[in-house]
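Participant: have a look; sequence and predicted model below, questions after that.
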Amino acid sequence: MRFLLSLMGLLAFVYGIHAQSCHITLRGSIADMNTGVALSFASVLLQEAGKGTASDVNGQFELSKVCPGTYTFSITHIGCEPYIQPITIVRDTTLNILLDHSDTELHEFELVASAPQTDMLTRIGVRKSEIEASGGKQVAELAALIPGVRLSTTGNNIAKPVFRGLSGNRVMVLSNGIRQEGQYWGGEHSPEIDSYIASSIAVAEGADALRYAPDAIGGIILVEPPSVFGESKKIAGEALTALQSNGRGGSAALSLSGKPFANQQLYYRLQGSLKGLGDIKTSEVWLTNTGIREYNGSFALGYKFRKWEVETFLSIFNQEFGLYRYSHLGNLTDLFEILQGRPAPDTLGFSYSIDRPKQVVLHEVFKTSLKYEIDTRNRLEFTYARQYNRRSEYDVHVGFNPSPETLSRPQLEYGLTSHLGEAIWHYKSGHLSGNAGATGLWRENNFRGRKFMPSYINSSVGIFATQIATFDLWKLNYGLRYDWVTSEIFEPVASSEDPLNIGFEGLAVAAAVQRELGEGSLTISAASQWRNPAVNEMFSSGLHHGAGGIEEGNPELKLERSYNISAGVRQSWGGNSLHGIAYVNYITDFIYLDPTTIELTIRGAFPRYDYRQSDALYTGFDLKYEGDWSSHWQGTAAASLLWAENLGNHSFFIGVPAHRFDAGLRYQFRDVRKFKAPFLAINGSYTMRQYREPALFPFETVFGESPDTPLPVSFDFAPAPDAYFLLGATAGVRFGNSTLSLAVENALNTAYRDYMNRFRYYADEPGINFIVRFKQSF
Amino acid sequence: MKNNKWLFVAILSFAAIAITGCNSDDDSTPPPTGVGDEEVITTVALHFSNVLSEAMYHFEWEDLDGPGGDAPELDPIILPIGTYAMKIEVYNKSNPASTIDVAEEIAEEGTEHQFFFLPQGGASSVFEFVYADFDSDDYPIGLESVWTLEMPTTEASQLRLVLRHEPNKSATGVAVGDITNAGGSTDIDVVFQLTVQ
């Protein structure tokens, strides 16, 4: 069961491990009072201790290393309001809790002494409550609530997570355990995930990540839906909506789940969401053609039969969005004129319509998994998943004198189908627990339209084993993984072979040791992982639409390998907790785009970038403080610092996030009659200017002289934007089964640009935005 | 027996999901190898004909494999002093089997396109031009123009030819060939070496 607990990722931080007196274990089970059915995936939280967990499939939960004292103990279950109860703990305690699911009150506590248990592996993550408080945002924006996670954006509709400076192929996004294959299509694509499906988002790294893949050398972002086995009523659900002033639209979601037959362990969950926004306004102007439409749905079924548990999941994600109309570049001259302050065309005002340039995205997942419990210590898990991704890019220019057929056709369309098979054995024995398994992945990638990247078929096989060993104050976590990857590439530009076969293989290893120190812990981790060059890095060729450059792949690329060391500290005192982590990520043969020359094309001069390899160093520090100062006042503070360098030529990479600092203050009012837990919160964030930026592109020399002008080793077209401060506020209240909140973002209507936005050359970030969020459970 | 019935229901439900999940997109998957059918411009040809002598001159800028790959080939423009009618031809020759006349399509979409002729280096003092073709709103297109080359070039000179898509043709100066306020996005931007003898 241990592994399942760690899989939940529902909890955020586990603090407070006391060497002397803090050895109490609180464990128990949660069951439905009426039916006696175990309630799995209930969130269990000891608030003052900052300890939380979730009940497993048998309704069991466990919190270890609790200090004696009085705590606020809460249990939350899907479709129910959180229940909060004071509890005094002086020794190992077992709580057999019977929840009346219909009105979700704790009716009975049964206190029994029990043997102490070991702590469990935890991840840094985002809680469901935080996800709901940010309802309607994109998945990457939700992930950015995790310390160390930042955003890389292309306009306002494309956002990708960046973890400790790395993103794209190096940070894998898994939704419901399935990797988002569309993320391999380059930097300007969001993860294709309905944000309303997420009940938790967490980062896995080191040995924890080896279970999923060897190539996520930056880390893995896990987006998990709630378990289908979570509901014991025939039908329960929740409806959420978020309406916002900027863009004059919003989103709405509905989920229904339940267990239709009292005597059968058959469960379902049906979920869907809609989103629609028009043009976004900066602090001054409407950004033409920045609207978005989204409609998503998912269906899950689960069935338990003796020692078997089977689950299927189907989801469909559809998105259509515009790209800012005046971000379109014909050539470098256009860009130069825009940067020189070429007047923007007459602003058209607000519109809901989505025209070219635009993208249409489709993402489908079918997954089925089968679990078999051999005995209480051993369990087998088999998974099959099939995924289909399609992205259609509609350029602003549809050719000359287009026919109706041309007008409706995208200029470039990618399609990717993948099949994944996985078998894992989970075990627990004494102070050891772990898993071992094998995965196979097959994918076919092809395209229609403008040729930029060749079609290919790729297959990989991996075997892995990871283990956790716990001894008193020490905990060890280690693992290894070996993978074989082969690709068959059709019509590669730089090769006479067709199809061309290439292969890579490699070993990934990771280890971590944790030592408890007073009311806290120290963790030292080390890992070495590898990533094979992607097909676009080896064989792309041509003008990159919108990126203002010609990209040439390099078939000679070798695999890149990371050597990562980090030291993390957690410390708690009173109601305060502090979590800090310092990391160094040294990557050999880091693959990046290196500007080489200026090339002439029929549309004028463009810089040419070649894929090259060099050693790179990413190092930084993430810090988060949370304090419960009294029953009314709470405060948070966070800092994220990062330095990166190309060690090969001592230059800076483009698009490394600047240092950032956050602070928040929250006041909780007393309940007023039916209105529970009203609160008011303000938060501010300060993002520095990125001074570690590449040289400026020499427009004057390039336009004035011959196209053979040598370019700087690394360049950008404009200086990094200035530092900025953003202020926001939220107020909210609960009544009955409803939650209402009102938020304001960019409250000062600050005009600013962000270095991590590819459209920073063209337009400001969004201005002030009011959001109303409402949630109704039933 | 009762259990078996429910088991049957469960299996049937899973099968239903599996079938819908697997069938929905097979027909929309593109073929394994993609087809490059982008509408590119590979060739810009300038035809000068002397209005008095009717002597013909022909210069080309060509990049058959598009951006990247092989470098483009371009002719230097060498012309005697005189007055010329100039006509631009634009082709997509990326598919050797069928050449597409893009100029014809530009003419049909005249309101959305305009050519600009920009002297560089010593060229500014040696040539003048006027547009000779106009769109349905009486703004110039530039596929046809009349050029006056008054004196020989004495230093390195270039002619930069730009085709803008969706320019603001009513902005100041744009109708007489000043690109400063034109805006829009660039479809063609090529530079020819220019020698007037």
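Facilitator: Thanks, I have the structure now.
Participant: how near is the closest residue to A:Ser525 other than its chain neighbours to chain B?
Facilitator: Setting aside the residues directly before and after it, A:Ser525 is nearest to A:Ala512 in space (C-beta to C-beta, 6 or more residues apart in numbering or on different chains), at 3.9 Å. (Glycine included, C-beta is placed from N, CA and C.) Counting by C-beta to the nearest C-beta, to the nearest Å, the gap from A:Ala512 to chain B is 38 Å.
Participant: and the strand or helix carrying A:Ala512, which strands flank it?
Facilitator: If you go by DSSP states H and E, A:Ala512 is part of strand A:500-516. For strand A:500-516, the pairing partners within the sheet under DSSP bridges are strand A:474-489 (antiparallel), strand A:520-531 (antiparallel).
Participant: name the residues of the shortest one that are buried.
Facilitator: Going by neighbour count (16 or more other C-beta atoms under 10 Å in any protein chain shown), the buried part of strand A:520-531 is A:520-521, A:523, A:525-531.
Participant: can you lay out those residues as CSV showing distance to A:Arg561 and pLDDT?
Facilitator: Output for those, formatted as CSV (distance: C-beta to C-beta, whole Å; pLDDT from 0 to 100):
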residue, distance to A:Arg561, pLDDT
A:Gly520, 33, 84
A:Ser521, 29, 87
A:Thr523, 23, 91
A:Ser525, 17, 92
A:Ala526, 13, 94
A:Ala527, 11, 94
A:Ser528, 6, 95
A:Gln529, 7, 94
A:Trp530, 5, 95
A:Arg531, 8, 94
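Participant: okay, buried residues for the strand holding A:Ala512 please.
Facilitator: Neighbour-count burial for strand A:500-516 [16+ other C-beta under 10 Å]: A:500, A:502, A:504-506, A:508-512, A:514, A:516.
Participant: is stretch A:165-176 in proximity to chain B?
Facilitator: No - interface with chain B: stretch A:165-176 contributes nothing (C-beta under 8 Å from any C-beta of the partner chain), its closest point being 13.3 Å away.
Participant: what about that stretch, how long is it end to end?
Facilitator: Stretch A:165-176 has an end-to-end distance of 24 Å (C-alpha to C-alpha, to the nearest Å).
Participant: kindly report the same for stretch A:178-198.
Facilitator: Stretch A:178-198: ends 13 Å apart by C-alpha to C-alpha.
Participant: ok, now stretch A:166-184?
Facilitator: 14 Å.
Participant: quick one: it to chain centroid distance?
Facilitator: 9 Å (C-alpha atoms, centre = their mean, to the nearest Å).
Participant: also stretch B:188-197?
Facilitator: With C-alpha atoms, centre = their mean as the basis, the mean position of stretch B:188-197 lies at 17 Å from the chain mean.
Participant: lowest confidence element among the helices and strands of chain B?
Facilitator: Lowest mean confidence among the helices and strands of chain B (mean pLDDT, DSSP states H and E): helix B:2-23, at a mean of 58.
Participant: could you point out the helix or strand that follows that one?
Facilitator: Helix B:2-23 is succeeded, C-terminally, by strand B:43-50 (DSSP H and E).
Participant: buried residues, that following strand. List them.
Facilitator: For strand B:43-50, by 16+ other C-beta under 10 Å, it's B:43-48, B:50.
Participant: ok, stretch A:579-598 next?
Facilitator: Quick answer for stretch A:579-598 (16+ other C-beta under 10 Å): A:579-581, A:583, A:585-595, A:597-598.
Participant: how about the residues of the stretch 601-750 of chain A near chain B?
Facilitator: Near chain B, when you scan the stretch 601-750 of chain A using C-beta under 8 Å from any C-beta, you find A:601-606, A:608.
Participant: quick revisit: name the nearest of the buried residues of strand B:43-50 relative to A:Asn331.
Facilitator: Nearest to A:Asn331 among those, counting by C-beta to C-beta, is B:Val44 at 14.3 Å.
Participant: that older thread, mind giving me the PyMOL select for the residues of the stretch 601-750 of chain A next to chain B, buried ones only?
Facilitator: Burial among these is assessed by 16+ other C-beta under 10 Å; the matching PyMOL selection reads:
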select buried, chain A and resi 601+602+603+604+605+606+608
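Participant: get me the contact residues on the stretch 351-500 of chain A for chain B.
Facilitator: Close to chain B, as judged by C-beta under 8 Å from any C-beta, the stretch 351-500 of chain A has residues A:362, A:364, A:366, A:368, A:386, A:388, A:390, A:396-397, A:399-401, A:406, A:411, A:413, A:415, A:417, A:444, A:446-451, A:454-455, A:457, A:490-491, A:493.
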